[in-house]
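> can't give you the sequence, but here's the structure:
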């Protein structure tokens, strides 16, 4: 009995430490980003994000006020994704896109398959593109996946949206790439 309690306590502590390490990594990444950093010389932004129609400067100006507007615009989404890729932090936008695609699935079988892929790629501990969500959100998401539905990833997607809105969007708006869009 004592051994099981120790193992449970150790597991909880380890999960807490891993979550904290992920938070610190995210904060350090934010601190290390500079809009005119030398990395821009090494990894320049692509000339044109994807093949979406370029947007007007007035429309691009609205993106700094609303991540939702940016994500609804094909060129905005492609630009934001390119920017995040240049920072080696595209897992959040990729997760958000995967969730949007997941919500469109009608077949329960295909939904279960896609849910498993999303979980393995973004949610599970040490996933290749693990997103930074708290333990409670991860637990709720795992519970929701017992019987997948269109809402299975809602909480995790909301957390990641909020993270991108608070962290990634301000960096994007300060970037040289965005500044060129609004000229």
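Okay, I see it. Here the structure is a predicted model, which is why all the values come from computation and not from measurement.

> By mean pLDDT, flag the weakest helix or strand of the protein.
Evaluated with mean pLDDT, DSSP states H and E, the helix-and-strand set of the chain has its lowest mean pLDDT in helix 39-42, which scores a mean of 34.

> what does the average pLDDT come to for the very next helix or strand once past that helix?
With elements assigned by DSSP states H and E, the helix or strand that comes after helix 39-42 is helix 57-63. Per-residue pLDDT values over helix 57-63 give a mean of 91.

> show me what contacts the residue positioned nearest the centre of the chain?
Most central in the chain under C-alpha atoms, centre = their mean is residue 92, positioned 1.0 Å from the mean C-alpha point. With contact set as C-beta atoms under 8 Å, 6 or more residues apart in numbering, residue 92 has these partners: 84, 131-132, 160, 163-164, 168. C-beta coordinates here come from the backbone N, C-alpha and C atoms, glycine included.

> What helix or strand is it located in?
helix 91-103.

> and that helix, which residues are buried?
Applying a neighbour-count criterion of 16 or more other C-beta atoms under 10 Å, the buried positions in helix 91-103 are 91-96, 98-99, 102-103.

> Next: stretch 133-140.
Going through stretch 133-140 with 16+ other C-beta under 10 Å, the ones that come out buried are 133, 137-138, 140.

> for the residues you listed, which one is nearest residue 174?
Compare each of these with residue 174 using C-beta to C-beta and the shortest gap goes to residue 133, at 25.2 Å.

> What is the three-state secondary structure of the closest one?
Assigned by DSSP: H, G, I helix; E, B strand; the rest coil, the conformation of residue 133 is coil.

> pretty sure it contacts residue 124?
No: assessed by C-beta atoms under 8 Å, residue 133 is found out of contact with residue 124, at 11.2 Å.

> still on that earlier bit, quick check: the farthest pair among the contacts of residue 92?
Using C-beta to C-beta, the contacts of residue 92 reach their maximum pairwise distance at 84 and 132, which is 13.5 Å.

> Compare neighbour counts for the two and give me the winner.
For residue 84 versus residue 132, neighbours defined as other C-beta atoms under 10 Å are more numerous around residue 84 (19 against 15).

> ok, residue 122 - how many residues close by?
24.

> Now it: closest residue in space that isn't a chain neighbour?
Ranked by C-beta to C-beta, 6 or more residues apart in numbering and with sequence neighbours excluded, the top spatial neighbour of residue 122 is residue 95, at 4.5 Å.

> secondary structure element for residue 70?
Per DSSP H and E: residue 70 is located in helix 67-72.

> Thanks a lot, see you next time.
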